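Asks: below are the sequence and a predicted model for it; my questions follow.
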Amino acid sequence: MILRGIVELQNGTDVRGVAAKGVPGEEVNLDDNKTMKIVYTFAERIKKQTGKQHIKLAIGRDSRVSGEFLAQAACVGAVCSGAIVYDCGLSTTPAMFMTTVDPYLKCDGAVMITASHLPANRNGIKFFTKRGGIEKNQLSSLLHEAEEIETSFLGGKRIASDFLKAYAANIVGIIRTTTKKIKPLDGLHIVVDAGNGAGGFFVDDVLKPLGAETKGSQYLNPDGHFPHHIPNPEDPEAMASAVKMVKKNHADMGIIFDTDVDRSAIIDEKGNPINRNAFIAFISKIVLKKYPGSTIVTDSVTSTGLTDFIEKLGGHHHRFKRGYRNVINEAIRLNEEGNPAYLAMETSGHGALKDNYFLDDGAYLATLALVELYNMKQEGKPISSFVDDLKEPQESLEVRYHITGDHFRKSGEKVLEDFKAFADQQPGWSLVQPNYEGVRVNCDQDHGNGWCLMRLSLHEPKLPTNIESEEKGGCQTILSKIDEFLSQYKMIEK
């Protein structure tokens with residue numbers, strides 16, 4: 001049976017769509033039938049790749065209201081293909097990948113039902129094989145095939161599996177092995193904000209067995225309505241809530257996760273967020289201790305202060321395109337060329353390490369932070385001192401200019417081409433090279449004392465423009481020049 005409307009659900013390397021009613025103007029376009037066919041097709045592809053008739057496939061979900069419903073549809077699709085399906089129930093995206101490398105399950109593939117930090121009525125699907133997440137072109141081909149494929153029942157079976165317990169036990173083992181202590185967090189107060197996503201397990205299954213005091217942790221129970229705030233470390237309301245939690249409980253450290261726990265951030269004992277550039281600096285310092293001279297790959301909007309921080313530690317900072325798969329794939333490419341790159345990390349909180357299968361895993365980043373908290377305690381230092389020499393800008397802002405009319409990508413590319421020529425002629429401005437996304441410009445002390453980056457959005461008719469300055473009023477100085485340039489284009493709206 002041909003089922004249209006599947007191809008349109010692609011969003012980069014994920015499937016994303018509206019999965020629950022209730023928001024005016026947003027009709028459901030990701031339902032059980034589409035989910036079943038998509039996962040059936042995914043399973044059929046793995047069978048062809050492995051040459052197996054009965055593959056092993058793990059399926060998990062986050063806490064969204066539509067999650068259980070879609071996960072069951074995914075199980076049906078996989079079972080119909082003849083797969084042995086491990087139904088992992090509430091889980092995390094990193095845990096689903098780990099089922100493919102787990103020595104006991106040894107799954108051939110994994111599916112995670114999640115839409116990360118998107119609103120509660122949305123949902124999506126992520127796919128993994130033993131090689132990691134599937135690429136954009138692979139997903140496009142899969143979805144086209146899913147619209148046309150004829151399904152049949154080939155006699156698979158479903159097995160309930162609480163794999164998240166095994167995943168958490170592995171984290172506990174890593175920390176105990178690294179610190180050589182059974183309860184290395186004894187005497188430390190650590191609080192978690194899970195935002196009612198899938199990250200609540202971290203308190204009972206990781207922190208408490210390691211001896212931590214966790215009183216004051218909040219929103220640990222899964223609730224797909226997200227009644228308190230969106231589970232997203234980048235969301236100002238979510239971060240403000242986590243900061244308040246740390247201060248109220250006088251905690252030594254706070255941790256905040258996104259919905260499916262592939263991203264995280266931390267808060268120091270003073271209530272200062274360690275996220276975006278600061279979290280990249282934090283993890284970079286840990287990596288560079290272990291792998292001196294390593295290249296740190298980040299997205300394009302990271303600061304000059306971060307570059308200075310990495311270089312002072314003997315590392316190399318390699319800015320690349322936004323999009324966590326772009327950053328990860330660039331790090332993999334560098335390694336294949338003989339250029340050691342042990343960390344790929346976005347300002348959004350996606351961070352992947354070579355030591356951890358280049359998997360963007362928020363719980364693993366939190367694990368590294370916990371080990372460092374233990375080390376700092378042995379030295380009698382608070383966690384806030386770990387990256388206190390990172391130079392933060394005086395000001396920063398992002399302006400998202402809208403591109404009207406048809407063919408926004410072609411129009412946007414022309415504007416970027418013109419902006420590059422414009423910037424090259426401005427007094428005190430200099431183009432940054434090499435540069436892999438958009439147009440990045442350094443601005444000297446007399447012309448804004450900072451930098452700007454104009455780029456074309458991956459999915460929207462937008463020209464996001466990031467600006468940072470080392471002085472108050474500097475961002476406005478740079479922005480005024482940018483606005484002056486863009487005023488000549490009728491299709492650009494601020």
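Replies: Cool, the structure landed.
Asks: tell me where the stretch 301-450 of the chain has helices.
Replies: In the stretch 301-450 of the chain, helices defined by DSSP state H, counting those that start in this stretch lie at 304-312, 324-336, 362-378, 408-425, listed in chain order.
Asks: switch the ones you listed over to TSV; also include mean pLDDT, distance to V441 and mean neighbour count.
Replies: The C-beta positions use only the backbone N, C-alpha and C, and glycine is treated the same way. Written out in TSV, the entries for the helices of the stretch 301-450 of the chain read as follows (pLDDT from 0 to 100; distance: least, Cβ to Cβ, whole Å; neighbours: other Cβ atoms under 10 Å):
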stretch	mean pLDDT	distance to V441	mean neighbour count
helix 304-312	97	12	19
helix 324-336	96	21	20
helix 362-378	98	31	21
helix 408-425	96	5	15
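Asks: domains in the protein, by residue range?
Replies: The record's domain split for the chain, according to automatic domain parsing, is 7-161, 167-385, 395-493.
Asks: turn the helices of the stretch 301-450 of the chain into a markdown table, including distance to I296.
Replies: As requested, the helices of the stretch 301-450 of the chain are exported to a markdown table (distance: least, Cβ to Cβ, whole Å):
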| stretch | distance to I296 |
| --- | --- |
| helix 304-312 | 5 |
| helix 324-336 | 9 |
| helix 362-378 | 14 |
| helix 408-425 | 26 |
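Asks: what sits against E27?
Replies: Taking Cβ atoms under 8 Å, 6 or more residues apart in numbering as the contact definition, E27 lies against V18.
Asks: D389: which of the helices of the stretch 301-450 of the chain is closest?
Replies: For these, distance to D389 was read as Cβ to Cβ. The smallest value, 7.1 Å, belongs to helix 304-312.
Asks: how about residues contacting the closest one?
Replies: Outside helix 304-312, the residues that reach it (Cβ under 8 Å, 6+ apart) are 277, 280-281, 284-285, 288, 296, 298, 316-317, 387, 389-393, 442, 450-451, 468.
Asks: who touches the residue nearest to G323 when sequence neighbours are not counted in this structure?
Replies: Beyond its immediate neighbours in the sequence, the residue positioned closest to G323 (Cβ to Cβ, 6 or more residues apart in numbering) is L458, lying 6.0 Å away. Taking Cβ under 8 Å, 6+ apart as the contact definition, L458 lies against 12, 322-323.
Asks: list buried residues within the residues you listed.
Replies: Using 16 or more other Cβ atoms under 10 Å as the burial test, the contacts of L458 include 322-323 as buried.
Asks: now render the contacts of L458 as JSON lines, adding distance to R263 and pLDDT.
Replies: Written out in JSON lines, the entries for these read as follows (distance: Cβ to Cβ, whole Å; pLDDT from 0 to 100):
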{"residue": "G12", "distance to R263": "15", "pLDDT": "90"}
{"residue": "R322", "distance to R263": "14", "pLDDT": "92"}
{"residue": "G323", "distance to R263": "14", "pLDDT": "90"}
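Asks: gap between K136 and N326?
Replies: Applying Cβ to Cβ, to the nearest Å, the value for K136 to N326 is 10 Å.
Asks: pass me the low-pLDDT residue ranges in the chain, would you?
Replies: In the predicted model, the chain carries pLDDT under 70 at residues 1.
Asks: center of it - which residue?
Replies: The centroid of the chain falls nearest to H350 when counting by Cα atoms, centre = their mean (3.2 Å).
Asks: let me see the contact set for the residue nearest to it when sequence neighbours are not counted.
Replies: Take H350 and drop its neighbours on the chain: the residue closest to it by Cβ to Cβ, 6+ apart is Y324, 3.8 Å away. By Cβ under 8 Å, 6+ apart, the contact list for Y324 reads 344, 346, 348, 350, 352, 360.
Asks: the last one is in contact with S348, isn't it?
Replies: In other words, D360. No - no contact is recorded between D360 and S348 when judged using Cβ atoms under 8 Å, the distance being 9.5 Å.
Asks: before we move on, the earlier item: who wins for proximity to N33 among the helices of the stretch 301-450 of the chain?
Replies: Closest among the helices of the stretch 301-450 of the chain, using Cβ to Cβ: helix 324-336, at 27.7 Å.
Asks: what are the C-alpha coordinates of stretch 29-47, in CSV please?
Replies: Extracted C-alpha coordinates of stretch 29-47, given in CSV (Å, rounded to 0.1, in the frame of the first residue of the first chain):
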residue,chain,number,x,y,z
ASN,A,29,1.3,14.2,10.2
LEU,A,30,3.3,11.6,12.1
ASP,A,31,1.0,8.7,13.0
ASP,A,32,1.2,5.0,13.8
ASN,A,33,0.9,3.9,10.1
LYS,A,34,3.8,6.1,8.9
THR,A,35,5.9,5.1,11.9
MET,A,36,5.2,1.4,11.3
LYS,A,37,6.2,1.6,7.6
ILE,A,38,9.3,3.7,8.3
VAL,A,39,10.6,1.3,10.9
TYR,A,40,9.7,-1.7,8.8
THR,A,41,11.8,-0.2,6.0
PHE,A,42,14.7,0.5,8.3
ALA,A,43,14.6,-3.1,9.5
GLU,A,44,14.5,-4.4,5.9
ARG,A,45,17.6,-2.3,5.0
ILE,A,46,19.5,-3.7,8.0
LYS,A,47,18.6,-7.2,6.9
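Asks: buried sites along it?
Replies: If you call a residue buried by 16+ other Cβ under 10 Å, then stretch 29-47 has these buried ones: 30-32, 34-47.
Asks: please flag which of those sit within helices.
Replies: By the criterion of DSSP state H, membership of the buried residues of stretch 29-47 in helices covers 32, 34-47.
Asks: mind checking the SS state of the residue lying closest to G315 once chain neighbours are set aside?
Replies: In space, and not counting its chain neighbours, G315 is closest to L288: 4.7 Å by Cβ to Cβ, 6+ apart. For L288, the secondary structure call by DSSP: H, G, I helix; E, B strand; the rest coil comes out as helix.
Asks: count of neighbours near L288?
Replies: Taking other Cβ atoms under 10 Å as the neighbour definition, L288 ends up with a count of 21.
Asks: how close does it get to V246?
Replies: Separation of L288 from V246 (Cβ to Cβ): 27 Å.
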